[in-house]
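Visitor: sequence and predicted structure, then a few things I'm wondering about:
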Amino acid sequence: MKKQIAAANWKMNLTLQQAEKLLDDVLANLPQLQPQQQVVFAVPFPYLQMAQQKIAGKQQVFIAAQNCYTKKSGAFTGEVSVEMLQSLNIGFVVLGHSERREYFGEDNQFLAEKLNIALQYNITPIFCCGEPLNIREAGTQNEFVAKQLEESLFHLSTEQLQKIVIAYEPIWAIGTGKTATSVQAQEMQAHLRSVLSKKFGDAANNTSILYGGSVKGSNAKELFSQPDVDGGLVGGASLNADEFVTIIKSLK
C-alpha cells in the first residue's frame, strides 16, 4: 500500500531554539497516525541529531536531510554524505528540490547519481520534480516533467522505484501563495503515475506521489482528497505548528 505522507521542508530557516520548540509543539499535538500515514521533518543539517532524538519512540515519524552528495566520503568541503546520514539513522533525504536545481545547477543526471547512493545506503529519497511558469504557460509541462523522471529514475529497477517517494512541485506555486488547483494537481500527478507505469508497471501504483507548492491547512484536505495526491511536501506552512498539524490531520 502506498503511504500517505506529510513532509515538512524547513529549508534554511529557524535557530536551534526555534527548531526545538517547533518540533516539541508539533509532536505534542500529533494525531494518532493510521498505519498508512507517515510524518517526515526535513530539517537543516545542524539539527538532524537533535531532531532524531526528539522523535525517538514515535511511530511513523521520521527525519529527513534536505540534500546529500554523490560520494560517500572524501575531499568535498561543505558537503554531507549519505554515510554520515546513515550513521545518524536518518531515514529520508530530499533530492532535486527546485531550489537546488535553480540555484545550484543540479541537473537530472547529477540527481540520478544522488538517488543511486541514497538507495545504496537504504535512505529513502523524496525526489522532487516540477515545471517553471514559462513551461506551464507554454502547455508543455507534461513533457518537461516526464523528462525529469526519465533521466533521473528510469535506470532504476522496479524494486528500487518502490523505495522512492516522488514530490511534484509546480515551481510557479512554491512560496508564491499560488497553488495549483486540486484538479491541476490531480491531472499532473496522474500523468506522473502513468509515466512511471509505462516503465515500471504496477509498481507505479504503490509509489507515493506528494504535492508541493503552497500547501496550507486551508487547502490540504481538498488537495489530499485527489486519488493520485498522496500527501504533501510542505514549505512555509510547516514552520507553524498549528498549520502543520492541520495538514497532517488532512492525510487520507
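Guide: Received, thanks.

Visitor: how about stretch 105-124: buried residues?
Guide: The neighbour-count check on stretch 105-124 (16 or more other CB atoms under 10 Å) flags 106, 108, 110-112, 114-119, 121, 123-124 as buried. Just so you know, the C-beta spots here come from the backbone N, C-alpha and C atoms, and that holds for glycine as well.

Visitor: next one: stretch 161-174
Guide: Buried-residue list, stretch 161-174, by 16+ other CB under 10 Å: 161, 163-174.

Visitor: report the two of the buried residues of stretch 105-124 separated the most.
Guide: Farthest-apart pair in the buried residues of stretch 105-124 is 108 and 121; separation 21.0 Å (CB to CB).

Visitor: and which of the buried residues of stretch 105-124 is nearest residue 228?
Guide: Closest approach between these and residue 228, by CB to CB: residue 124, at 19.5 Å.

Visitor: ends of stretch 226-242, what's the gap?
Guide: Start-to-end span of stretch 226-242 (CA to CA, to the nearest Å) is 23 Å.

Visitor: how about stretch 73-83?
Guide: For stretch 73-83, the first-to-last residue distance is 8 Å (CA to CA).

Visitor: now that stretch: mean pLDDT?
Guide: Confidence for stretch 73-83, expressed as mean pLDDT, is 97.

Visitor: what does it contact?
Guide: 45, 65, 67-69, 71-72, 93, 117-118, 120-121, 123 (CB atoms under 8 Å, 6 or more residues apart in numbering).

Visitor: name the SS class of the residue lying farthest from the centre of the chain, please.
Guide: Outermost residue of the chain with respect to the C-alpha centroid, by CA atoms, centre = their mean, is residue 75; its distance is 28.1 Å. Assigned by DSSP: H, G, I helix; E, B strand; the rest coil, the conformation of residue 75 is coil.

Visitor: one more: residue 113?
Guide: Assignment for residue 113 (three-state DSSP): helix.

Visitor: tell me the contacts of it?
Guide: Contacts of residue 113 (CB under 8 Å, 6+ apart): residue 70.

Visitor: got it, and residue 129?
Guide: Here residue 129 is in contact with 96, 145, 148-149, 152, 166-169, 192 (criterion: CB under 8 Å, 6+ apart).
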